[in-house]
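Asker: Here is my input; please provide its structure:
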Amino acid sequence: MKWNTVINLTAITELPDVLEKHFLDSLSIVKVIPQEKLNAGISLIDIGTGAGFPGIPLAIVFPKTKVVLMDSLNKEFVAYKSENADEEIRKAGRAVKVLGGEFRTAEKFLLPDTDYERVLICITKKKPTPPAYPRKAGTPSKDPII
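Answerer: Numbers count the residues shown, from 1 in each chain. Reported below is the predicted structural model:
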């Protein structure tokens, strides 16, 4: 509720409504996933988490459950690559542009105390992805965006 005054996270702002419509609603997953599993430490991913619901309440109530929150609000993508990523970056250039992205940086480095080269490729979302994407399974391999 405090952060919602600074960043518009949710339209629900009154404490009773937040408790009922966010927290209680988030915990209703126990209707389809037994509490024993949640207490045993399964892994969940909250896709499109927005303000952190249902992921954060689930992580609080079931601390052994591993919860990953994923949201596209900032539309920041980082690809972890090993050595020789330059060719892959070059080949992916058109696809990144078609899908609305833009290369921001490719940070090359050695893993500490090793001679293993790594590259972190950062792509920023600049415009909406065309409605034709994503495509059906199998289509990208038959008709790549190159």
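Asker: for the protein, which residue is closest to the average position?
Answerer: residue 70 (3.1 Å; Cα atoms, centre = their mean).
Asker: Helix or strand with the lowest mean pLDDT in this protein?
Answerer: The weakest-scoring helix or strand in the chain, judged by mean pLDDT, DSSP states H and E, is helix 15-18 (a mean of 66).
Asker: And for the next helix or strand after it, what's in contact with it?
Answerer: Moving toward the C-terminus from helix 15-18, the next helix or strand (DSSP states H and E) is helix 25-27. Contacts to helix 25-27, defined as Cβ atoms under 8 Å, 6 or more residues apart in numbering, come from residues 53, 54, 55, 56, 57, 58, 61. Every C-beta, even on glycine, is put in place using the N, C-alpha and C of the backbone.
Asker: And for stretch 96-112?
Answerer: 77, 85-86, 89, 93, 116-130, 133, 145.
Asker: how does it look with 7 Å?
Answerer: Contacts to stretch 96-112, defined as Cβ atoms under 7 Å, 6 or more residues apart in numbering, come from residues 85, 89, 116-129, 133, 145.
Asker: now swap in stretch 136-146 and tell me
Answerer: Contacts to stretch 136-146, defined as Cβ under 7 Å, 6+ apart, come from residues 91, 94, 95, 98.
Asker: give me the number of residues near the second one?
Answerer: Per other Cβ atoms under 10 Å, the neighbour tally for residue 94 reads 12.
Asker: Not counting its neighbours along the chain, what's nearest residue 124?
Answerer: Once flanking residues are discounted, residue 124 sits nearest to residue 104: 4.9 Å by Cβ to Cβ, 6 or more residues apart in numbering.
Asker: Report whether the one you found is found in a helix, as I expect.
Answerer: No - membership of residue 104 in a helix is not supported by DSSP: H, G, I helix; E, B strand; the rest coil, which gives strand.
Asker: how near is it to residue 126?
Answerer: Residue 104 is 10 Å from residue 126, where distance means Cβ to Cβ, to the nearest Å.
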